[in-house]
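Q: turn this into a model:
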Amino acid sequence: MREVFLLGRIFAFGLVTPMGIYANDLFYTCPKAIEEQWFYRAAIYGTWLIPVIYSNEEVESIKLVYEGEIFMANIVPDTLKISKFIMRSIKKGSTSLGG
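A: Sure thing, here's the model as predicted:
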């Protein structure tokens, strides 16, 4: 995915997946995503892109740009253990949730 660097921040797109929002090689979650069932929708209807802002120095959280607002998303626990395995499955078109 294409990234733009500005003032120490990276502007890019994250991928909404059944496991969380994949950005910066990690998975993230936030109350807005849970409230609107993004991860369930990604499992049923497929993944989609969302604009994100992050810094490689601060990997614990990212900012999501959604419907004209900015939301803070936090890293999913144990994301380093699962991210590479899950992304390989998603890129191949299959997930453990029925793909």
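
Q: use CA for all of it now, contacts and neighbours both
A: OK.

Q: look at the residue most central in space within the chain and give its secondary structure.
A: Centroid-nearest residue in the chain: residue 21, 1.7 Å away (criterion: C-alpha atoms, centre = their mean). Using DSSP: H, G, I helix; E, B strand; the rest coil, the structure places residue 21 in strand.

Q: hey, where'd the strands end up in this protein?
A: With strands called from DSSP state E, the chain shows them at 4-6, 9-17, 20-23, 26-29, 48-55, 58-66, 69-75.

Q: tell me what residue 54 is bridged to.
A: Judged by DSSP bridges, the bridge partners of residue 54 are residue 10.

Q: wait, residue 22
A: Where residue 22 sits in a bridge, its partners, by DSSP bridges, are residue 15, residue 27.

Q: that one and residue 12 touch, don't they?
A: No - Residue 22 is beyond contact range of residue 12, at 11.2 Å (criterion: C-alpha atoms under 8 Å).

Q: the more surrounded of the two?
A: Higher neighbour count among residue 22 and residue 12: residue 22, with 25 against 19, using other C-alpha atoms under 10 Å.

Q: how about the contacts made by the more buried one?
A: When contacts are counted by C-alpha atoms under 8 Å, 6 or more residues apart in numbering, residue 22 touches 14-16, 28, 83.
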